[in-house]
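Pasting the sequence and the predicted model now:
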There are 4 protein chains.
Amino acid sequence: MDLAVSPHVNDLVQRTREFVRLEVLPSEDHFGGVAQGEPWRRSLQEAARRCGVFGPHLPHCYAGAGLGFADRAPVFEEAGYSLFGALAINAAAPDEGNQHLLGHVANDAQREQYLTPLAHGETRSAFAMTEPAPGAGSDPRALRTAAARVPGGWRIDGLKHFITGADGAAFTIVMARTSGASGDAGGATMFLVDAGNPGMIVTRHVPTMDKSMIGGHCEVRFTNCLVADSAVLGEVDQGFRYAGVRLGPARMTHCMRWLGAARRAHEVAVNYAAEREAFGARLANLGMTQQMIADSEIDLAAARGLILRSSWEIDQGMESNDSTSIAKTFVAEAIGRIVDRAVQICGGQGVSEDLPVARIYRETRPFRIYDGPSEAHRWAIARRATKRIVSQVAAERP
Amino acid sequence: MDLAVSPHVNDLVQRTREFVRLEVLPSEDHFGGVAQGEPWRRSLQEAARRCGVFGPHLPHCYAGAGLGFADRAPVFEEAGYSLFGALAINAAAPDEGNQHLLGHVANDAQREQYLTPLAHGETRSAFAMTEPAPGAGSDPRALRTAAARVPGGWRIDGLKHFITGADGAAFTIVMARTSGASGDAGGATMFLVDAGNPGMIVTRHVPTMDKSMIGGHCEVRFTNCLVADSAVLGEVDQGFRYAGVRLGPARMTHCMRWLGAARRAHEVAVNYAAEREAFGARLANLGMTQQMIADSEIDLAAARGLILRSSWEIDQGMESNDSTSIAKTFVAEAIGRIVDRAVQICGGQGVSEDLPVARIYRETRPFRIYDGPSEAHRWAIARRATKRIVSQVAAERP
Amino acid sequence: MDLAVSPHVNDLVQRTREFVRLEVLPSEDHFGGVAQGEPWRRSLQEAARRCGVFGPHLPHCYAGAGLGFADRAPVFEEAGYSLFGALAINAAAPDEGNQHLLGHVANDAQREQYLTPLAHGETRSAFAMTEPAPGAGSDPRALRTAAARVPGGWRIDGLKHFITGADGAAFTIVMARTSGASGDAGGATMFLVDAGNPGMIVTRHVPTMDKSMIGGHCEVRFTNCLVADSAVLGEVDQGFRYAGVRLGPARMTHCMRWLGAARRAHEVAVNYAAEREAFGARLANLGMTQQMIADSEIDLAAARGLILRSSWEIDQGMESNDSTSIAKTFVAEAIGRIVDRAVQICGGQGVSEDLPVARIYRETRPFRIYDGPSEAHRWAIARRATKRIVSQVAAERP
Amino acid sequence: MDLAVSPHVNDLVQRTREFVRLEVLPSEDHFGGVAQGEPWRRSLQEAARRCGVFGPHLPHCYAGAGLGFADRAPVFEEAGYSLFGALAINAAAPDEGNQHLLGHVANDAQREQYLTPLAHGETRSAFAMTEPAPGAGSDPRALRTAAARVPGGWRIDGLKHFITGADGAAFTIVMARTSGASGDAGGATMFLVDAGNPGMIVTRHVPTMDKSMIGGHCEVRFTNCLVADSAVLGEVDQGFRYAGVRLGPARMTHCMRWLGAARRAHEVAVNYAAEREAFGARLANLGMTQQMIADSEIDLAAARGLILRSSWEIDQGMESNDSTSIAKTFVAEAIGRIVDRAVQICGGQGVSEDLPVARIYRETRPFRIYDGPSEAHRWAIARRATKRIVSQVAAERP
C-alpha cells in the first residue's frame, strides 16, 4: 500500500501548476473563460511545449510523459485549475479521450493518419455519440444513427447533438448502428469521418451555459455520408465495446480536470473571505463561512480519494465501471457543491464576472449531466450493489 | 382562520396568468431573457394596461388594484412566471420597493414629482444602498457614502455598486451617512437624486450572471453631488428606519416573483419528463425523477406557506423582520433547489438555451445573496430565537 | 385571508401549554418517556379535565372544545411538547383518529357503545390495518386479512402487525378484505372487534425504538374471529374509502403533535447552547451552532405553514390528499432534522438521557416511516403533479 | 502508487469476516447489541484467538499480526461488522487507543504492568479525559481536573464523565492539569490509576442511547486520589502532546470499526429491499430505493478513500491532524446517512429490533459527537485551510 506520488510526477505537478498560473490563467481571465479560435489554441499549446508540460498522459512516442491514470490525476487537476489548462497541455475533452481510444483500437494506418497529428496538437477531434430524443442519450443503446453497407464502404445517416468540438475538428469518431435496432445492446460501429466530408454538416452550435470548450457543442447532421471501409475504427459491430474502453477513463479525466477548476473557485473564495470584513470580523472567521470552507475541503479530499481508487483500478486493467460510476457521481456533485459555496462566500462578487467563480459555476454545472447524469449512474450502482450483496448474503448464510 | 383567496384576487391571478403566457413569455423567449431598452419596457407595460393587469399592488389613486401583500402573493407569482412579467405589470425590483417606500415616506411634492410618474410606468428608479468593501454590504451599518451639509442642501460623496436599474433611472434614492461613522447603527439619510445630476455617474455595469434586469446592476459614483434640501426623503438621520420599511416587504415581493420563475422551470421540466423516454420508461415514471418532482412540489408549497405568513404579518402592521428573514432564506434556497432539479431533469436540454431552465438557473442564483445572504439572515434568526427561547425558559421555570 | 388565531383558541393554547409544563412533563421525565399503564393514563387525563384542556378536538357533546383542524394545530403542538401530552388530553394516536372515524362513519348504536366511552377517556382503542409482507404496508391494497360471511356475521382471519395500542384496547377497528384479492383497489370492510374476542390475540409487542405509546405496537392474530353483522363499521366493501376519511386528518394531527416534541428538543438545545461555553464563547454565539438554530427555526415555521394549509383544506371539506402528503413528508423530515440538530448541539448530553433530546430522537425517527413513508408520499405527489402540469401545459398551449 | 491489499492482509480480512459471522454476530443478535460482562468478553476473545484473528493491530511480541494503520483498515471494518467484533479481537475503544498510547509512551515497567495484560485481553482499561462543563469537552484545554504534588507522588481531584469502560477497567489513564489554569494550551499530565484506588469512584453510568460498550460510559469522581510518581505516564506536563499521539489514530480506528457496522446495516437493508415487494415491484427496483442504495455505496467508497489516506499518512509518520479531521468528519456523517437510509429502506422493520438496523442506528449516532464533534473539526479544518490558501496565494501572486 503506497500513496506516495513519485518525485518525477510531483515535479510535473509543480511545473504544470506554475505553467497554468503564468501562461494560462491570464488568457482565461482576459477572455472571460470563453474559448477562442485555432491560433489561440496553438499558442497555448506552444507555451506548454516550451514549459515542458505538454502531453503528460501521452505515450513517449508522441513526446508525452507517459503517465498512467493514477499519476495523471494530480497533473490534470493542476491543469484544470484554469478552464483552458487542459487544452493547453493537449489533455482536454474530447481529444484526450479520443487519443486514448485510438491508442487502443486504431490500426497502424489510422494511428498515423489520425492519432499522430492529434497527439502533437496539430489537429482537434470530436466524438459523436449522443443524439436528440428518442436517440442515444443516457442510454447509449437507443442509438439511431445508422450506417448501411455500400460498395467499398458505408453510408451514414442520422442526427447527433452536443458533439463537443465538432466545429473545426479534423475528424469525428461517429457511432452508428450497423446491425440491430434502436434499443439493442449491440450492433454499433465506430467510423472515422474526415472534416470536409460533404455528408457531415455542423447544423448549429447548441447554445449552452458553458463557453470554455473550443469548437462548441454542435448539432451534426449526417446525410448520405459516405466513408470507405478503412474508416471503420476497430471491428464492425464492436462500437459499444470500444465506447466502454473510452468511457470509464474519460469520466475520470473529466473529474480530475473539473476538480482543479472547483479548487480554483474554492481558493479564490477562501482568499476573499480572509480579506473581507463583515459584522466586525473577517468573513473567514465567521462560523458559517468556516463551515462552507471545511465542507469544501472535505469534498476535495473525498473526491481525490475516489479518483485515485478508480484511476489505479484502470491502471491495473481491472473492470472498473462500478468505481468510475461511483467516483464520477460523487465528484461531479462535490464540484457543484464546492463551486456553489465559493459563489456564496463571495457574495455579490460571486455572481459577477469580477471574480472567476461565476464563470466556473457556469462551466461546471453541466458535468452532473454529461458523462452520464447522476441518476443513470446511481441506477447502475444500485443494481450492481444489490446483485453483489444478495449473492454474498446467500453465500454466507449459515 | 381563512386561507381562501377572494374571488376578485383570484380573477386577477387568472388574468395575469393569461397575460404572461400570451404577451410576455414570447418576448422573454425571443430575447433569451435579456432585458432590452425603454421602448420594449413601455410596450410590455402598455400590453399590461390593455389587459387590465397593470399595477395590482398600486393604490387605486394610481389606477392600481390596491392589493395588500397577502393578496399580491399569488398575482406576483404569476407575473414572475416570466422573467419580464413583473416589469410588465410595473411590479419589478427596484421600482416596486421604491413605490412602497415613497408611498410611506415621501411628502406631497415628492409624491407628485417622483411617485406619480413611477407608478404610471412613465419612469424607472433605482435604490442606491450597497457599497464595495469595506462599505455597506450584508451589514448596512458599514455605510460610508456621506452627505455633508452645504448651504441650501447637501453634498454627497461615495461609491455604490450593484445598483439595479441605475442606468436609465429617472431618479435614484441614495442612502448616505449624515452623522456618525461607518459601523454606527444610525445616522443615515435618504436622498432623491435626479438623473442628469452631474455629481452622479454610472461608472460601469457590473457584469453579472443574470441578464434580465433593465438598467443592469451598476456601479455609481457620487462626486461632489449636490442636492437641495427638498431632496431629503423623510427626515434627516432616519434613513436606516426607512430602509427597514422597504426591506421586509421588498424581500417578500422578490420571493413571490422568483417563485413564479422557479415554478416555470419546474413545469417545463415535468412536462419534458412526461414526454421523454429513457431506459424503456417515461422519464416522469422513474423513481429518481419522481423524487425530484415531488421535492420541488414540496418546496413550492412550503415557500408559499412562509410567504403567506410574512405577507399577512406585513398587512397587519406586525413587526415581521423575523418572519421575512425566515421566509426569504427558505424561499431563496428552495428556488435554487427547484431550478437545479429542473436543469437536472432536462439533462442536456437543461443546460442549453433551447429550454428556459438554463436561463432561469442563471437568473435565480444571485437571490441567495442579495436582499441579505442566507448566512446573514440565519445569524439574525438564531440570535432572535436564542433570546426568545432563553427568556421563555427562564419565565416558565417552575 | 386571515391567519389570526381566535382568542378562545389562543386561550386554550396557553392553558394547554401550562398544563403540559406543570402536569405532564414531570411524568415524562420521571418515566424517561416510557408509557406506563392504565392508572397512569387515567390520572393524566384526570389532570387534563381538571385544567379544562381535555378533548380540544372533541365535539361539544363529548365535553370537548369542538375545534376544527386549523384551530387544533397550535393546541396539539402544545400538547405534543411532551411525549405524553396528547394522551393526557385524549388526543393521542390511534384514539384521536378513531374518534374522528367513528364520528363520521359509526351508526348511533356504535357511537354509544364505542365512541362515547372512548371520547370520555374511559377506554382506549386500536386500528388494525398494516400487515407483514406481502400484506398491506405502504400499499394498503395489498390487504390480505380476510373476512368471510358466516350466518349472522363474519369470520376474520389474518395477521396484523405494528398495531399501536392494541394491547389493552377496549376495541380494535379491523380492516379486512370482503371481496376481491390482495392488490385490488376495493373490497375492504371495517369491523369493530371487542377486546376479549377469543379469535383475536395479541401475539407479541413488536420491540421498536420508540417507547412512548401506551399499549405498544402489537402483532395481532385473527383466527376464526367471529363478529356479528353489527360489528361492520359503515358499509361492507367501503373500508378503503373510510380509511381515506381517517388517513389525511390523522397524518396532520400526527404532524402537529410531533412538531411539539421537536420544538421541545430545539428549545432544550438552544437553552443549552446559551449556557454552555466552548472555545471561549457561548456555544449559541458560534456560527455553526447559529446555523443549526436558524435552520430549525426555519423548519418549524415551514412545517407550521404546511400544516395550516392542509388543516384548513380539511376544514373546508376539500379533497386534500395532495396537501396532506406534501405536509406529512416535509414535516416528518423537518422533525427529523430539528431533533438531530438538537442532539448535535447538546453534544455528549444530547445522546444521554440526562436531557430529553435523545428520547425525542428515538421517538420521532419512526414518523418518517409510518403514516406512509416519505418515498410512498413522494411517489404519489409526483404522479399527481405530473398529471396536473401536463394537462395544464396542454390546455394553455397557444 | 499502489492500492493493492497484500495477500496476508487480505487473508486476515477474510478470516476476520468469517469469524465475525460465525462467532460474533450470533452473540450480538442474542443480546440485542447490549454489552455483557467479563465472562462474555473473555469467551469472545477466546474464540478470536482460536480462529487466529486476535490482535491484528498488536505487535508481534504480543502475539499480534503487527499491521500498520492502512493495513488494519479493512480488518477493523470487518470486525466492526458486528458491534462486538472489535471487542472480540481486542481492538475496541478505548483499549485499542490505550494500547497504542502505552506502546509509544509507557516505560518498561509500565508496559509490563499495564500493556502486557491489556494486549493479551486479560484486562480492560479506560481513558479519562472529558469533563462536565465548564471542563474539558470539545476543547481539551478547558481541563479542570488537577493533580497536585504530594510527597512521593500526586493527588488528583476532579470529575470526569463519558469515561467509556471505566466500570471494570483494571486501570484508567487520567488526564489532569499539573500546571497552568483551565483554558491553557499546556500543563496536563497523564496518570495511570489502578482500579481499587479509593480516591477514584465510578459515581454512575451515564445513561446513553448506545448500549454496546462494555463498562458503559461512566461518571468518575477523583477525590484526594493519591498515586505514586511511577504512575506518571511519560513526562509531567506533556499530557496534551501524548493525547495528540492517541487522538488521530484513535479517530481513524473508530472510523474503520463503525464503517463496518454501517455496512452491515446497508447490506441488511439491500437484502431486505431485494426480497420485499411494494407497488407491484421489488423494493430494490424502485428508483427512490435505488437512489438510497447508490448513495450509501458512494458514501462507503468515499469513506474508505479518506480512511486510507489518513491511515497511510499515520503509517508514514506524517503530521496528519488535518487529514484525520477531514476523514473523521466525513466518515462519521456518512455512517449516519448510511444507517439512516437503511432504517428508511426497511420501513417498519427498520425501527424494530427484529432487524439489526435500529440497533446500529442507536449505536452510531453518538459518533458524530465524540472524538470531536463535526463542528469542532470543521472549525479546525477551515482555519488550517484558510491559513494554507492565503499563504499560497500570497506566494504565487506574480
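Yep, it's here. Numbers count the residues shown, from 1 in each chain, chains lettered A, B, ... in the order given.

And A:Arg144, its phi and psi?
phi -120, psi -30 (degrees, to the nearest 10).

In contact with it, which residues?
A:Glu131, A:Pro134, A:Gly135, A:Ala136, A:Gly158, A:Arg177, A:Ser182 (C-beta atoms under 8 Å, 6 or more residues apart in numbering or on different chains). (Each C-beta comes from the backbone N, C-alpha and C, glycine too.)

try A:Lys211
A:Lys211 makes contact with A:Gly32, A:Gly33, A:Val34, A:Ala35, A:Arg362, A:Glu363, according to C-beta under 8 Å, 6+ apart.

Now neighbour count too, for the residues you listed, in TSV please.
Output for those, formatted as TSV (neighbours: other C-beta atoms under 10 Å in any protein chain shown):
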residue	neighbour count
A:Gly32	14
A:Gly33	22
A:Val34	14
A:Ala35	20
A:Arg362	23
A:Glu363	22
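
Out of the residues you listed, list just those in helices.
A:Arg362, A:Glu363 (DSSP state H).

and the two most separated of the contacts of A:Lys211?
Largest separation among the contacts of A:Lys211 by C-beta to C-beta: A:Ala35 and A:Arg362, giving 13.0 Å.

distance of A:Ala395 from chain D?
Computed as C-beta to the nearest C-beta, to the nearest Å, the A:Ala395 to chain D distance reads 11 Å.

what helix or strand does that residue sit in?
With secondary structure defined by DSSP states H and E, A:Ala395 is part of helix A:374-396.

contacting residues around that helix?
By C-beta under 8 Å, 6+ apart, the list of residues contacting helix A:374-396 reads A:138-139, A:321-322, A:325-326, A:328-329, A:332-333, A:368, B:278-279, B:286, B:288-289, B:344, D:21, D:266-267, D:270-271, D:273-274, D:284, D:287, D:289-291, D:293-295, D:297-298.

can you check stretch A:3-23 too?
With C-beta under 8 Å, 6+ apart as the test, stretch A:3-23 has contacts from A:44, A:47-48, A:51-53, A:56, A:65, A:67, A:71, A:74-75, A:78-79, A:81-82, A:85, A:88-89, A:308, D:1, D:3, D:308-309, D:312, D:316, D:396, D:398.

swap in stretch A:253-261?
A:57, A:69, A:72-73, A:76-83, A:85-86, A:91-93, A:96-97, A:300, A:303-304, A:307, A:327-328, A:331-332, A:335, A:339, A:360, A:363-364, A:367, A:371.

Would you tell me which residues of the stretch 51-200 of chain A are close to chain D?
A:Ala70, A:Asp71 (C-beta under 8 Å from any C-beta of the partner chain).

quick one, strands of the stretch 51-200 of chain A?
Per DSSP state E, counting those that start in this stretch, the stretch 51-200 of chain A carries strands over the ranges A:125-128, A:146-150, A:153-164, A:171-177, A:188-194, A:200-205.

mind listing what's buried in the helix holding A:Ala395?
A:374-382, A:384-386, A:389-390 (16 or more other C-beta atoms under 10 Å in any protein chain shown).

For A:Val75, list the residues it contacts.
A:Val9, A:Leu12, A:Val13, A:Thr16, A:Pro56, A:His57, A:Leu67.

Could you single out the nearest of those residues to chain C?
Nearest to chain C, judged by C-beta to the nearest C-beta, of the contacts of A:Val75 is A:Val13 at 33.6 Å.

Backbone dihedrals for the closest one, both of them.
phi -60, psi -50.

how close does it sit to A:Thr253?
Distance, A:Val13 to A:Thr253, using C-beta to C-beta, to the nearest Å: 15 Å.

Please apply the same query to A:Arg41.
18 Å.

Please identify which of these two sits among more neighbours.
A:Thr253 (25 against 21; other C-beta atoms under 10 Å in any protein chain shown).

What average pLDDT does the helix or strand harbouring the more buried one get?
Using DSSP H and E, A:Thr253 maps to helix A:239-275. If you average the pLDDT over helix A:239-275, you get 95.

can you give me the offset of it from its chain's centre?
8 Å (C-alpha atoms, centre = their mean, to the nearest Å).

quick one on the thing from earlier: would you list the buried entries among the contacts of stretch A:3-23?
Neighbour counting with 16+ other C-beta under 10 Å marks A:44, A:47-48, A:51, A:53, A:56, A:65, A:67, A:71, A:74-75, A:78-79, A:81-82, A:85, A:88-89, A:308, D:1, D:3, D:308-309, D:312 as buried within these.

All good on my end, thank you.
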